[in-house]
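> Pasted the sequence and its predicted model underneath.
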Amino acid sequence: TQLLGVIGHPVEHSLSPVMHNAALAELGLDYIYLPFPIQPQNLEVAIAGLAAMGVVGFSVTIPHKQAIMPLLSDIIPTARAIGAVNTVSWQNHQWVGTNTDIEGFIAPLQTTYQQDWNQKVAVILGNGGAARAVVAGCDQLGFAKIHVVGRNIQKLEEFRQSWGNSPLAEKLQVQTWDDVAQLIPQADLLVNTTPVGMYPLVDNSPVKLADMQKISPGAIAYDLIYTPNPTQFLQQAKQEGAIAIDGLEMLVQQGVAALKIWLQLEAIPVDVMRQALRNHLGL
Ligand code: SKM
């Protein structure tokens, strides 16, 4: 039996094991995908331990997506450009990192809401590892302006500076939560990358109701969270006439991309993965 898994803290809410084990069973492969709860201070020891256990690949979730980077032997250029890793594979006796969140994030926007994003404004809530892939994804889609909202001015400034003088940096603006009421009406796409509203603290939204009421009808509200489904953030956005995208399809698509790397296989049973998640969530 070959081992795969997900590292995070917390990791108990993760549905990656449900989704990946369904795919591996469908493919008839002798693999198992396990959750590994790993505290930040143990990260270095843990990834050496995973190698010693014979783990051949793992997903990386909150809060390790940036911290893991200096611990890897190699990082694929796209992940390096994003500045976050969510997928690691064992190649030639070394850990190699990549980022599949970017394609996961883009997929539902491209397939369901095909449109020209060139004149559009994106407002991204949060400035962690997931936000980095979202910002890169919005840039790739061609958004004209990308606003990133965070709590800590110094971290926001680091976030902005980390994109250097790239063309992306020119359309990027970092702002604090004081500006959120004024940013929301401008948003064509409003993305929640924070964990606020995630199981078990489901009666929460990163945005106050009074501010959400300023979203333009027809704007897209996108929550990266997939439990609960829908989140309070999405429910309130929908009430205002916005289009809601939940985090389920992103989870599926970043997982498909990860399996392609781990298994060196193109034919991944995406419908089985999606259905396993929907069944698990009672959708
Ligand atoms: O990027 C993904 C990660 O690969 C797995 C995951 C999960 O299991 O909840 C969420 C995202 O961070």
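Received, thanks. Everything quoted here is computed from the prediction, not taken from an experiment.
> gap between K214 and G241?
12 Å (C-beta to C-beta, to the nearest Å). Every residue, glycine included, has its C-beta placed from N, CA and C.
> Kindly apply the preceding question to D203 instead.
For D203 relative to G241 (C-beta to C-beta), the value is 23 Å.
> Could you do T227 as well?
Distance from T227 to G241, by C-beta to C-beta: 25 Å.
> just A84 next, same as before
33 Å.
> same check, this time on A258
35 Å.
> Right, and the ligand sits closest to which residue of the stretch 151-283 of the chain?
Going by C-beta to the nearest ligand atom, the ligand is nearest to Q254 of the stretch 151-283 of the chain, at 5.1 Å.
> Quick check: nearest residue in space to that residue, chain neighbours excluded?
G104 (3.1 Å; C-beta to C-beta, 6 or more residues apart in numbering).
> Please look at that neighbour and I245 and confirm they touch.
No. Counting by C-beta atoms under 8 Å, G104 does not reach I245; the two are 11.7 Å apart.
> The spatially most central residue of the chain sits in which helix or strand?
Among the residues of the chain, A130 comes closest to the average C-alpha position under C-alpha atoms, centre = their mean, at 4.4 Å. Assessed by DSSP states H and E, A130 sits inside helix 129-141.
> Show me which residues of that helix are buried.
By neighbour count on 16 or more other C-beta atoms under 10 Å, the buried set for helix 129-141 is G129, A130, A131, R132, A133, V134, V135, A136, G137, C138, D139, L141.
> got a list of what the first one touches?
G129 makes contacts with I62, P63, H64, K65, Q66, A84, N86, as judged by C-beta atoms under 8 Å, 6 or more residues apart in numbering.
> Would you agree the fifth one falls within a helix?
I take that to be Q66. No. The assignment for Q66, made by DSSP: H, G, I helix; E, B strand; the rest coil, is coil rather than a helix.
> so what's it up against?
G83, A84, V85, G128, G129, R132.
> Contacts for stretch 23-33, please.
1-6, 16-17, 20-21, 255, 259, 263, 265, 268-269, 272-273, 276.
> What about I76, how many residues nearby?
16 (other C-beta atoms under 10 Å).
> ok, now G197?
For G197, using other C-beta under 10 Å, the count is 23.
> ok, it touching S205?
Yes. Counting by C-beta under 8 Å, G197 does reach S205; the two are 5.3 Å apart.
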